[in-house]
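Peer 1: Provided below are the primary sequence and the corresponding predicted coordinates.
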Amino acid sequence: MWVLIFGLLGITTAAPKADTVIGPKVVTNHVVTINRVIIIGNKVTKERIISRELSLKSGDTISTKRIENVLLLDQQKIYNMRLFNSVELRWLEITSDEVDLLVEVNERWYTFPVPIFELSDRNFNEWWQNYDHDFRRINYGLRLYQYNFRGRNETLRLTAQFGFTRRFDLTYRIPYIDRSQKHGLIFDFNLSEPKNIGYNTEDHKLVFKQGREVLRSTNGFGITYTFRKSFYETHGFNFSYQNNHVIDSIAILNPNYYGNGQVRQIYGALTYTFNSEHRDVVAYPLKGYQFTAFAQKVGLGFGTKVNQWEANVTYARYFDLTKNFYLSNFSSAYVSTPSQQPYSLYSALGYRRQIVKGYEVYVIEGPMFFLNKTTLRKKIFSRTWNLDQMPIDQFKYFPLTVYLKSYTDVGYVENYPYYQERDLNTRLSDRLLVGAGAGLDIIISYDAVIRLEYTFTRERTNGFFVHMKKEF
């Protein structure tokens, strides 16, 4: 449809840039010296933010046999900053022994005041099937994103949300606070006052209470220190504080909400995260791998009595099978202890994008779970349009790529003792979960991914599911 519309409007088209680096034809392998590094197209972005991702600097030496592969990796690193519509690296021969490096970028639009009109539920399918597409469950308001703030790849996000859940958030991310560009900080502040909350789970579906007054108030803050020593590995250390309160009726409906009928929960938490990022394009990877690790201690000896340890590791691998076929595999393992916890600290498949496809309408809770997802993709369409009639340069670049895919997801969740003792939410826990099917992935501008999927499950259910974000 997009192709037809653009054709009728007379918009010019161009094929997307290939994953190659432009340079002179190499006849013999010999060592060259980098003379200059020239960066163009960065009207907002500071030059040092781009040069941070380059392996080669002025004065470095490299063989002509290796230079193309090195620059290709650098091109991917710069693009994965998600600041540019396109990135192109070239090496220009000055003499037989000297070359210049040219980095050309096309900057995105960085300021997005986004109206909020979205579902309060975890996904579209849960809202449509579990809650009869009730429009009273809609959130509205404004979310302001300021990317590349001050031209330093900083991110400022403000949220003012009303409707089903009133929420105010402020996040300020500073990736680099030092000259070496290795150390960073992230500040978070949050306030949430919903008049509707999920206070319990029945048959693996959230049960909500709705009222005219605020049912729960949550406020807190967090500060994260990040350390990125190399190009590909990032460490994060976070301290957060949460002060939560519910009205008496919630504690009556579910005495285990905060545990023992309590109406208040106050705690601090320490979190360590690690990300080893080796994927070609983070927004929609086709080659490479990623490893992540997460460990958290909830409850630091002050506030109410809270004690929980959590750990989660994930590994994703992507393979280019040639002829536009791609294979990916994702694995995740989660564990928390002790297994006796208040309901508010329960974890599950169904959160954090860790879902067995076909079970989108369920939350399958437990102190331990495992997930594996395998997907085979075939690129069936890819083109980039240059929208010459668009008055804003940052929106003249419109890519559209479509993948046909098939997939199989497998998961397992160990049930909580609290549920086991009361014979609650046992239908999908402590058993193998399987979802398989086929669908389409549609990738457009600014890393937007639309997933259309039809899935069959082990429970002999099937259905059509829509997602507006990448899978993992």
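Peer 2: Yep, it's here. On a predicted model such as this, the values are computed, not experimentally measured, just so you know. Numbers count the residues shown, from 1 in each chain.

Peer 1: Strands of the stretch 301-450 of the chain, start to end?
Peer 2: For the stretch 301-450 of the chain, applying DSSP state E, counting those that start in this stretch gives strands covering 308-322, 325-337, 348-349, 364-365, 368-386, 397-414, 432-443, 449-457.

Peer 1: should've said the stretch 51-200 of the chain
Peer 2: Remark: strands assigned in the stretch 51-200 of the chain by DSSP E, counting those that start in this stretch are 61-63, 84-93, 98-107, 111-119, 138-149, 154-163, 165-174, 183-194, 196-202.

Peer 1: how about the strands of the stretch 301-450 of the chain, which one is nearest residue 28?
Peer 2: Using CB to CB as the criterion, the shortest distance between residue 28 and the strands of the stretch 301-450 of the chain is 29.1 Å, found for strand 308-322. For the C-beta atoms, the positions are set from N, CA and C on the backbone; glycine is no exception.

Peer 1: List the buried residues of the closest one.
Peer 2: Buried residues in strand 308-322, defined by neighbour count with 16 or more other CB atoms under 10 Å: 308, 310, 312, 314, 316, 317, 318.

Peer 1: returning to that earlier point: and of the strands of the stretch 51-200 of the chain, who's closest to residue 70?
Peer 2: Ranking the strands of the stretch 51-200 of the chain by proximity to residue 70 (CB to CB) places strand 61-63 first, at 6.7 Å.

Peer 1: can you redo the buried residues of strand 308-322 as TSV with pLDDT?
Peer 2: Below are the buried residues of strand 308-322 laid out as TSV (pLDDT from 0 to 100):
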residue	pLDDT
308	97
310	97
312	97
314	97
316	97
317	98
318	98
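
Peer 1: quick one on the thing from earlier: by mean pLDDT, show me the worst of the strands of the stretch 51-200 of the chain.
Peer 2: Mean pLDDT values for these show the minimum at strand 111-119, a mean of 75.

Peer 1: which residues does the nearest residue to residue 399 once chain neighbours are set aside bridge with?
Peer 2: Sequence neighbours aside, residue 384 is the residue nearest to residue 399 in space, at 4.5 Å (criterion: CB to CB, 6 or more residues apart in numbering). Here residue 384 shows beta-bridge partners residue 14, residue 399, assigned using DSSP bridges.

Peer 1: Also residue 466?
Peer 2: Beta bridges link residue 466 to residue 452 when assigned by DSSP bridges.

Peer 1: Roughly how far does it sit from residue 283?
Peer 2: Distance, residue 466 to residue 283, by CB to CB, to the nearest Å: 19 Å.

Peer 1: cool, and residue 354?
Peer 2: Counting by CB to CB, the gap from residue 354 to residue 283 is 19 Å.

Peer 1: try residue 194
Peer 2: 31 Å.

Peer 1: Count the neighbours of residue 197 for me.
Peer 2: Residue 197 has 25 neighbours, counted by other CB atoms under 10 Å.

Peer 1: Please look at the residue nearest to residue 399 and residue 443 and confirm they touch.
Peer 2: No: at 11.2 Å, residue 384 does not count as touching residue 443 under the criterion of CB atoms under 8 Å.

Peer 1: and for these two, which residues touch both?
Peer 2: Shared contacts of residue 384 and residue 443, defined by CB atoms under 8 Å, 6 or more residues apart in numbering, are found at 399, 400.

Peer 1: what's residue 415 in contact with, if anything?
Peer 2: Residue 415 makes contact with 365, 366, 425, 426, 429, 430 under the criterion CB under 8 Å, 6+ apart.

Peer 1: The fifth one and residue 362 touch, don't they?
Peer 2: No: counting by CB under 8 Å, residue 429 does not reach residue 362; the two are 10.3 Å apart.

Peer 1: tell me, what's touching those two both at once?
Peer 2: residue 204.

Peer 1: re earlier: would you turn the strands of the stretch 51-200 of the chain into CSV with distance to residue 257?
Peer 2: Formatted as CSV, the strands of the stretch 51-200 of the chain follow (distance: least, CB to CB, whole Å):
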stretch, distance to residue 257
strand 61-63, 61
strand 84-93, 46
strand 98-107, 47
strand 111-119, 23
strand 138-149, 22
strand 154-163, 23
strand 165-174, 17
strand 183-194, 14
strand 196-202, 6
